[in-house]
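Asks: Task: produce atomic coordinates for the following.
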Amino acid sequence: MLDEAREEGSEHAPSSERWLLTYADMITLLMVFFIVIYSFSKTDEAKYQAIALSLHAALSGAALTRGLPNDATNAMVPLSPQPTTDQALGPQPANTLLQTMAQKIAQSLQTQSQQGEATVQVVTGTALDIAFQGDAVYFESASAALTPEFRQLLTAIAPVLKQSPDAIEVEGFTNDLPLHSTEYATAWELSSARATNVVRFLAEDCGVPPHQLEAIAMGQWHPLYANDSASNLALNRSVHIVVTSTPPVGLNEGGSDVAPPGRGV
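Replies: Residues are numbered from 1 along each chain as shown. The predicted structure is shown next:
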């Protein structure tokens, strides 16, 4: 019996020393804790004060004086726009690109003696509107033929138009006067012919890529001015070239615009 008791005691003897593992873990944790506390106690108090002042200034709107010039504040600082370059037109934002094109087109028009009532403006930051309106320099009444002066103006702005990679819409307008013409049955045909003639001239004579051009007939149903005076009636006899900030639609793959002899289109 004594031998059996000794054997049982020897089996439980190692378990009586397991508390040492727990004790060692606790001592290690205490040592790490005091090391961390000691490191915190050695932190520069000036840094804490600077952080506190910065947070207070940011939350209260007070001026920041530490680490900044005396006249600097924590208010938002407006950034000056990036300078535009004559290169192109690739990775620039749409608005910057259109503003640059507007300046170049305005300069090109100013060099022409027969400018008429041409205006250039960026509309809503996403489109550039070049308006040729209100003057016989562009079209005679009830006519879609481009005058020589108008051709000269289009030739002057074409190099700038060719810099754009996006769609260029040519919109033709008329006023609401009765149309007396043997060539055009309605205002649709007249406004369409005005837009189409401008598109053809830009593509065939000035080298603007045809796949970027679109001819749009506005007729008399989208007047930009009320048809209540002679001057407004003249302004509505117009063509607008709108340079958009969207790429051309479709696959942009087309053949010659001239049909082979003996075949229709």
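
Asks: what ranges do the strands span in the stretch 1-150 of the chain?
Replies: Listed in chain order, the strands of the stretch 1-150 of the chain (DSSP state E, counting those that start in this stretch) span residues 119-123, 127-133.

Asks: Same list (those) but as TSV, adding mean pLDDT, mean neighbour count and distance to T111.
Replies: No exception for glycine: its C-beta is placed from N, CA and C like everyone else's. Written out in TSV, the entries for those read as follows (pLDDT from 0 to 100; neighbours: other Cβ atoms under 10 Å; distance: least, Cβ to Cβ, whole Å):
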stretch	mean pLDDT	mean neighbour count	distance to T111
strand 119-123	89	15	13
strand 127-133	91	22	15
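
Asks: now for the ones you listed, which one comes closest to M101?
Replies: Taking Cβ to Cβ as the measure, these were each checked against M101, and strand 127-133 came out nearest at 5.7 Å.

Asks: I would like the C-alpha coordinates for that closest one, written out in PDB, please.
Replies: Only the C-alpha atoms of strand 127-133 are listed here, as PDB (Å, rounded to 0.1, in the frame of the first residue of the first chain):
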ATOM      1  CA  ALA A 127     -19.300  72.100 -74.500                       C
ATOM      2  CA  LEU A 128     -17.800  74.900 -76.500                       C
ATOM      3  CA  ASP A 129     -20.300  76.800 -78.600                       C
ATOM      4  CA  ILE A 130     -19.100  78.800 -81.600                       C
ATOM      5  CA  ALA A 131     -22.100  80.700 -82.900                       C
ATOM      6  CA  PHE A 132     -22.300  82.200 -86.400                       C
ATOM      7  CA  GLN A 133     -25.500  84.200 -86.400                       C
END
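
Asks: TSV for the strands of the stretch 1-150 of the chain, including distance to A156?
Replies: Conversion of the strands of the stretch 1-150 of the chain to TSV gives the following (distance: least, Cβ to Cβ, whole Å):
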stretch	distance to A156
strand 119-123	12
strand 127-133	11
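
Asks: Next, the contact list for I241, please.
Replies: 129-130, 132, 157, 161, 168-171, 198 (Cβ atoms under 8 Å, 6 or more residues apart in numbering).

Asks: Quick check: pLDDT value at it.
Replies: The per-residue pLDDT reported for I241 equals 95.

Asks: what stretches of the stretch 1-150 of the chain score poorly on pLDDT?
Replies: Scanning the stretch 1-150 of the chain for pLDDT under 70 picks out 1-16, 40-48, 50-52, 54-94, 113-115, 135-136.

Asks: What segments of it are helices?
Replies: Applying DSSP state H, counting those that start in this stretch to the stretch 1-150 of the chain gives helices spanning 2-12, 19-41, 45-60, 94-110, 148-161.

Asks: per the record, what domains does this protein have?
Replies: 18-77, 94-244 (automatic domain parsing).

Asks: So which of the ones you listed has the densest surroundings on average?
Replies: domain 94-244 (a mean of 18; mean count of other Cβ atoms under 10 Å).

Asks: Does V160 touch Q103 like I think?
Replies: No. Here V160 lies out of contact with Q103, judged by Cβ atoms under 8 Å, at a distance of 9.4 Å.

Asks: out of the strands of the stretch 1-150 of the chain, nearest to S231?
Replies: Closest approach to S231 among the strands of the stretch 1-150 of the chain (Cβ to Cβ): strand 127-133, 10.6 Å.

Asks: Report all helices and strands that that closest one contacts.
Replies: When contacts are defined as 3 or more Cβ pairs under 8 Å, 6 or more residues apart in numbering; DSSP states H and E, strand 127-133 sits against helix 94-110, strand 119-123, helix 148-161, strand 238-244.

Asks: partners of the last one, with directions?
Replies: Counting by DSSP bridges, the strands paired with strand 238-244 are strand 127-133 (antiparallel), strand 168-173 (antiparallel).

Asks: Average pLDDT for the shortest one, rounded please.
Replies: If I follow you right, that is strand 168-173. Computed over strand 168-173, the mean pLDDT rounds to 94.

Asks: Quick one: name whatever helix or strand follows that strand.
Replies: Per DSSP states H and E, the first helix or strand lying C-terminal to strand 168-173 is helix 187-200.
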